[in-house]
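Engineer: Any chance you can model this:
(one chain, ligands or ions: 1)
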Amino acid sequence: MTNEALAALLHDLSLDEKIAQLCQIDMSTFLADAGSPTGPMLEFNLTREQIVSAGSLICGANADADKFAEIHETIQKESKHGIPPLIMSDVIHGMRTTFPIPLALGSSFDEDTAEEMARISALEASACGVHVTFSPMLDVCRDPRWGRCMESPGEAPALCGAMGAAMVRGYRGKDLKQKGTMATCAKHYAGYSACEAGRDYAPVDISRTEMFNTYLPPFKETLDAGCDLIMPAFTPVDRVPAAANRWLMKDILRERWGWEGVAITDWGSVGELYLHHMAVDAKDASVRCFKAGTDMDMMSFAFFSGLKEAVEDGTVSMEEIDASVMRVLELKNKLGLFEDPNHGANGADQMAMRGRKEHRDAALRAALKSCVLLKNDGVLPLNAGMKVALAGSHADSHRLLGAWQADGRDDETPSLLERFSEDQRVTLTDVENADIIIYAVGEDQDDVGESASKLNPALTIEQKAELDKMLAAGKPVVMVLFCGRPLMIEEESAKCAAVLNAWFPGSEGAMAIKQLLMGDVNPSGHLSMTFPKCVGQIPIHHDQLSTGRPTEPENGRFISVYRDGSNKPLYPFGYGLSYTTFAFSKAAFSADELSSSAPVTFTVKVANTGKMAGETVVQLYYQGKRVELMAPLRTLQAWKRVCLQPGEETVVSFTVKKDDLRMWDYDGKPVEAAGVYDFFIGESSMAELSASILIK
Ligand code: GLC
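Structural biologist: Predicted coordinates:
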């Protein structure tokens, strides 16, 4: 549709039709018998016209191309202008083929893997009739008590932004009009992950400086990659819930960043203003959110009546309504929905997408890169001919997909036991007769994700007791951990001979774990989030600000330590072992000075000093020595995966630009880097090898 035709359509719409375009209802509300006294008409006080004119439908794992074809037909027939709704769904790490959770994908430090996950997700989801995914989730996570860490690329703003941008490229492809693509929605804007005490939906209190330096950058990078929508968080900034927060939704998003996409609330957020005692009725809540810059209301049904009243009494102008409606119509036009409301989806394609080998192979590759070897006393890889006992809650579990699994099926997810049973190289036996015990354990997939905060994210008492029983057999124990967040495993880790963190590895996770434990593939994942020693250390992350007092010796007085424990993490951000070893040397800059006129190159020599081919993630961090604002002790600047044969060495180089090192002050003004900056290079945020440069 041309822009002129869009404008003519907008002009033709009644106020009710315009407001309906700004409302998202769920598919079951649409499908419910709208005429029945218990249907949505009564429950949500909606007319049939409002239901068939809704701007968007949200669906869960019940997306189906043929069902949507019928819905679109109904809308064409029943609604006055037949404007196709945006079909939106949570496809965040796969549709039918489930990839490792985003926190695991973050541990791959591989944007290509994230992009491939997104591309395949779009192929599968759009074949089912989904137009928009509520992904990427970009919350910078530092509190493992929060169950939603699993949905994020982790604790580093740079990694969250890079993975978010990669996912947007993968979902959107080159042209949204093409079938097999999906529009994208960055969430939860912004700072939701800092909810007090890690309790989901709890208030957040973040300084503007922290917003500008930590929580906003991943959104800016992802929106710049072409992201189509943004979802304000449930939580507040400066005591105003994000959806009603003008500073976030207008000053930053529209004025500072000039972004013109669609802002849709999170589920029922408009209505939650009542719970915050910030609105007395639908109109009050609608006006507060709409005037602040929110375009669409997800599932609170407030806009339908609230905005109408507000326009009728002049609180909201028709021009304001038209601006938001036009953003929604333009997105539909970008997707080509006016020409084809189902965006090329059909039942045959949907069936053809199911179980495609190349999709499952991609999920396997992603899992192989995302698992993190945390400890190995030399018992791994397993040797052929070994007698292996496989025990623990996850040994024969199909529940390896994590939360938000969209159309992923547990019954299409082989278990570890199945994968090991297929492999003749080892003999499965009981603990008594085994040479080694693989203890597969961790969280249940329903125990992570939204509304899954935990006071003590750890193994259960039963799992700990079972591990002690295993250990009593006197055989080495390899713990394979399944989790949606870092767990407090200091004790268990010390007792086991090896620990492999699989996160929730997805449809082919069991095959990946088996191949990693057998040494068919060398582990190469590196932690996307710090593993604390205990809950008392939380929040603990690699980019904590400097302290005015030293942080060691740990038994010191009047310094920044604990009387009753360590302030060092169990496993730091960026950490991950391999079956081989890598040596780093000759870190150097291509110049002595860095100015904004010319970038410099940072190089380092990396050698595989072990006996096995392997990949590692070369990570570059920096710390300013003379800065205007207190700065993080280590800031992740760049990373590269490097694959080397035994004895092979290579030179890895990074381009460093002065602008990339700037910070932002309370008002969001840039604070340019200046003075001597130390750069650290290695395989984790604790890397020691460094080189310095003077920044002019
Ligand atoms: C949920 C989540 C959000 C999700 C939305 C739609 O409450 O907060 O991440 O996209 O509702 O399901």
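Engineer: Up against the ligand, what does the stretch 1-150 of the chain have?
Structural biologist: 90, 134 (Cβ under 6 Å from any ligand atom). Just so you know, the C-beta spots here come from the backbone N, C-alpha and C atoms, and that holds for glycine as well.
Engineer: And the residue of the stretch 1-150 of the chain closest to the ligand?
Structural biologist: Proximity of the stretch 1-150 of the chain to the ligand (Cβ to the nearest ligand atom) peaks at residue 134, 3.4 Å away.
Engineer: Nearest to the ligand: which residue in the stretch 151-300 of the chain?
Structural biologist: Checked against the ligand (Cβ to the nearest ligand atom), the nearest residue in the stretch 151-300 of the chain is residue 267, 3.7 Å away.
Engineer: From what I see, that residue and residue 297 are in contact.
Structural biologist: No. Contact criterion Cβ atoms under 8 Å: residue 267 and residue 297 do not qualify, at 10.2 Å.
Engineer: Please tell me how far the residue of the stretch 151-300 of the chain closest to the ligand sits from residue 225.
Structural biologist: Here the criterion is Cβ to Cβ, to the nearest Å. By it, residue 267 lies 25 Å from residue 225.
Engineer: if you count what's nearby, which of the two comes out ahead?
Structural biologist: Applying other Cβ atoms under 10 Å to residue 267 and residue 225 shows that residue 225 carries more neighbours, namely 19 against 16.
Engineer: Could you find the closest non-adjacent residue to that one?
Structural biologist: residue 165 (3.7 Å; Cβ to Cβ, 6 or more residues apart in numbering).
Engineer: Can you tell me the SS state at the one you found?
Structural biologist: Secondary structure, DSSP: H, G, I helix; E, B strand; the rest coil: residue 165 is helix.
Engineer: what about it, distance to residue 185?
Structural biologist: Distance, residue 165 to residue 185, by Cβ to Cβ: 14 Å.
Engineer: repeat for residue 443
Structural biologist: Using Cβ to Cβ, we find residue 443 at a distance of 27 Å from residue 185.
Engineer: Those two: who's more crowded?
Structural biologist: Set side by side, residue 443 and residue 185 give different neighbour counts by other Cβ under 10 Å, the larger being at residue 443 (29 against 25).
Engineer: Below-threshold pLDDT in this structure: ranges please.
Structural biologist: Low-confidence regions of the chain, defined here as pLDDT under 70, cover residues 33-43.
Engineer: Around the ligand, pick out the residues from it.
Structural biologist: Within the chain, the positions adjacent to the ligand are 90, 134, 187, 266, 267, 450 by Cβ under 6 Å from any ligand atom.
Engineer: for whichever residue of the stretch 451-600 of the chain sits closest to the ligand, what are its contacts?
Structural biologist: Closest residue of the stretch 451-600 of the chain to the ligand, Cβ to the nearest ligand atom: residue 451 (8.4 Å). With contact set as Cβ atoms under 8 Å, 6 or more residues apart in numbering, residue 451 has these partners: 147, 200, 201.
Engineer: what about the first one, neighbour count?
Structural biologist: When counting by other Cβ under 10 Å, one arrives at 23 neighbours for residue 147.
Engineer: Give me the nearest residue to it, chain neighbours excluded.
Structural biologist: Nearest residue to residue 147, sequence neighbours excluded (Cβ to Cβ, 6+ apart): residue 452, at 2.7 Å.
Engineer: what residues are up against residue 302?
Structural biologist: Residue 302 makes contact with 270, 271, 282, 285, 286, according to Cβ under 8 Å, 6+ apart.
Engineer: And the second one, which helix or strand is it part of?
Structural biologist: In the assignment (DSSP states H and E), residue 271 maps to helix 269-275.
Engineer: contact partners of that helix?
Structural biologist: 232, 234, 241-244, 279-280, 284-286, 288-289, 294, 297-298, 300-303, 306.
Engineer: Next: stretch 71-84.
Structural biologist: Contacts made with stretch 71-84 from outside it, assessed by Cβ under 8 Å, 6+ apart, are listed as 9, 12-14, 17, 21, 27, 30-31, 48-49, 52-53, 55, 57, 85, 329, 332, 337-338, 341-342.
Engineer: how about 6 Å then?
Structural biologist: Residues outside stretch 71-84 that contact it (Cβ atoms under 6 Å, 6 or more residues apart in numbering): 52, 53, 337, 341, 342.
Engineer: Which positions in that stretch come out as buried?
Structural biologist: 71, 72, 75, 79, 82, 83, 84 (16 or more other Cβ atoms under 10 Å).
Engineer: quick one: it to chain centroid distance?
Structural biologist: Between the centre of stretch 71-84 and the centre of its host chain there is 35 Å, according to Cα atoms, centre = their mean, to the nearest Å.
Engineer: now do the same end-to-end measure for it.
Structural biologist: Distances were taken as Cα to Cα, to the nearest Å; on that basis the terminal residues of stretch 71-84 are 9 Å apart.
Engineer: repeat for stretch 259-278
Structural biologist: 27 Å.
Engineer: And for stretch 563-579?
Structural biologist: Using Cα to Cα, the end-to-end distance of stretch 563-579 comes to 37 Å.
Engineer: So for that stretch, what gets flagged as buried?
Structural biologist: Burial within stretch 563-579, assessed by neighbour count using 16+ other Cβ under 10 Å, is assigned to 567, 569, 570, 571, 572, 573, 574, 575, 576, 577, 578, 579.
Engineer: likewise stretch 190-210?
Structural biologist: Of all the residues in stretch 190-210, those buried under the rule 16+ other Cβ under 10 Å are 190-195, 198-201, 204, 206, 208-210.
Engineer: before we move on, what about stretch 267-275?
Structural biologist: Buried residues in stretch 267-275, defined by neighbour count with 16+ other Cβ under 10 Å: 267, 269, 270, 271, 272, 273, 274.
Engineer: Residue 553: neighbour count?
Structural biologist: For residue 553, which is what you asked about, the neighbour count (other Cβ under 10 Å) is 9.
Engineer: cool, residue 228 as well?
Structural biologist: With neighbours defined by other Cβ under 10 Å, the count for residue 228 comes to 25.
Engineer: State the distance from it to residue 180.
Structural biologist: When Cβ to Cβ is applied, the distance between residue 228 and residue 180 equals 16 Å.
Engineer: I'd like the distance between residue 609 and residue 588.
Structural biologist: When Cβ to Cβ is the yardstick, residue 609 and residue 588 sit 20 Å from each other.
Engineer: So residue 449 belongs to a strand, correct?
Structural biologist: No. Residue state for residue 449 (three-state DSSP) corresponds to coil; a strand is not indicated.
Engineer: correct me, but it touches residue 403?
Structural biologist: Yes. Counting by Cβ atoms under 6 Å, residue 449 touches residue 403, with 2.8 Å between them.
Engineer: Out of the contacts of stretch 71-84, which is nearest to residue 2?
Structural biologist: Within the set of those, residue 337 lies nearest residue 2; the separation is 14.8 Å, counting by Cβ to Cβ.
Engineer: How about the contacts made by the closest one?
Structural biologist: For residue 337, the contact set (Cβ under 6 Å, 6+ apart) comprises residue 84.
Engineer: any idea how far residue 449 is from the residue nearest the centre of the chain?
Structural biologist: For the chain, the residue sitting closest to the mean C-alpha position, by Cα atoms, centre = their mean, is residue 152 at 2.6 Å. When Cβ to Cβ is the yardstick, residue 152 and residue 449 sit 11 Å from each other.
Engineer: Then residue 662?
Structural biologist: The span separating residue 662 from residue 449 equals 35 Å under the rule Cβ to Cβ.
Engineer: more crowded one of these two?
Structural biologist: With other Cβ under 10 Å as the criterion, residue 662 and residue 449 differ in neighbour count, and residue 449 comes out ahead with 23 against 16.
Engineer: Much appreciated, bye for now.
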